[in-house]
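# Predicted coordinates and the sequence they were generated for:
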Amino acid sequence: MFNALRKGFGLTGKTMFRRPVTTQYPEVKREPQPRFHGRHILNRYEDGLEKCIGCELCAWACPADAIYVQGADNTPEARYSPGERYGADYQINYLRCIFCGLCIEACPTRSLTMSHEYELASDSRESMIFTKDMLMAPLPAGAKPTPHTDAEVAARGLTYYPGPAAQRTIGGPPARAWHDPDDPATPEEAVGPATVKLGGGETEPPTHGEH
């Protein structure tokens, strides 16, 4: 009898001095773990251009069929991304999304990432389908909203896709990113100044290391 009382009050006493594990949500939000998968974000470059190129790889990688992407071609007068195409329509259905992260692994431009935002409850099914406007990251300070013109983009001289495979010599084919045993020159030695084809012509070679 005495031992039972001692154990019971002892447990109560220890619990009184333990650090509480509960959180007064929603007044206090608990910080998730660093690798937590929350709401998606469509990222931008520093000048405001969108990183999404409308390739639809995220939609193909999604095992829950929660992503819809409709790509469109950029034009010299209306450029949304540095690539040939951009994501004209982008939707994520959070009633289907299982937050596995396969979509962000498939994205070749790191356009799609996942944040720590986990407050996604709603009383409407329609509001759980997030459109492109809802997913886009805010514009960086001083950046211009899309669309841009090719002349504006070319004047900045930014290198959006670093690496020899993404570069192009003036009027030549894309450079090799692998070593050719028959060609002793390294890819960097074999490649001339890199340019970006915008505005109907070749731009000046960008200066590496400035951006």
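Nice, thanks for sending it over.

# State whether residue 153 is indeed within a helix.
Yes. Counting by DSSP: H, G, I helix; E, B strand; the rest coil, residue 153 is part of a helix.

# Tell me the spacing between it and residue 45.
The gap separating residue 153 from residue 45 is 10 Å, by CB to CB, to the nearest Å. The way it works is simple: take the backbone N, C-alpha and C, and place the C-beta from them, glycine included.

# higher neighbour count, these two?
residue 153 (23 against 19; other CB atoms under 10 Å).

# quick one: the more buried one from residue 100, how far?
Going from residue 153 to residue 100 by CB to CB gives 35 Å.

# where in this protein is pLDDT low?
Flagging of the chain using pLDDT under 70 yields the residue ranges 163-211.

# chain center to the lengthiest helix in it: distance?
Longest helix of the chain, by residue count under DSSP state H: helix 2-16. In terms of CA atoms, centre = their mean, to the nearest Å, the centre of helix 2-16 is set 53 Å apart from its chain centre.

# Skip ahead from that helix and say which helix or strand is next.
strand 40-42 (DSSP states H and E).

# Mind giving me the packing neighbours of that next one?
Under the contact definition 3 or more CB pairs under 8 Å, 6 or more residues apart in numbering; DSSP states H and E, strand 40-42 sits against strand 85-93, strand 112-114, helix 132-135.

# let's go with 7 Å and repeat that
strand 112-114, helix 132-135 (3 or more CB pairs under 7 Å, 6 or more residues apart in numbering; DSSP states H and E).

# what's the closest of these to residue 143?
Residue 143 lies closest, by CB to CB, to one member of the helices and strands packed on strand 40-42: helix 132-135, at 16.4 Å.

# so what secondary structure elements neighbour that closest one?
Here helix 132-135 touches strand 40-42, strand 85-93, going by 3+ CB pairs under 7 Å, 6+ apart.

# what residues does it touch?
Residues external to helix 132-135 that are found in contact with it (CB atoms under 7 Å, 6 or more residues apart in numbering): 40-42, 87, 89-90, 92.

# Just the buried residues of these.
Buried positions within those, assessed by neighbour count (16 or more other CB atoms under 10 Å), are 40-42, 87, 90, 92.

# Pull the most distant pair out of these.
Taking CB to CB as the measure, the buried ones among the contacts of helix 132-135 span a maximum distance of 13.2 Å, between 41 and 87.

# List the contacts of residue 36.
Residues near residue 36 by CB under 7 Å, 6+ apart: residue 116.

# To clarify, my last question referred to residue 97.
When contacts are counted by CB under 7 Å, 6+ apart, residue 97 touches 64, 66.

# does the residue nearest to residue 139 when sequence neighbours are not counted count as helix, strand or coil?
Leaving aside its sequence neighbours, residue 139 sits nearest to residue 48 (CB to CB, 6 or more residues apart in numbering; 5.3 Å). Of the three states, residue 48 takes coil under three-state DSSP.

# What separation do you get for residue 48 and residue 1?
75 Å.

# Name the residue in the two with the higher neighbour count.
residue 48 (17 against 5).

# Verify the contact between the more buried one and residue 147 for me.
No. Contact between residue 48 and residue 147 fails when scored by CB atoms under 7 Å: they sit 9.9 Å apart.
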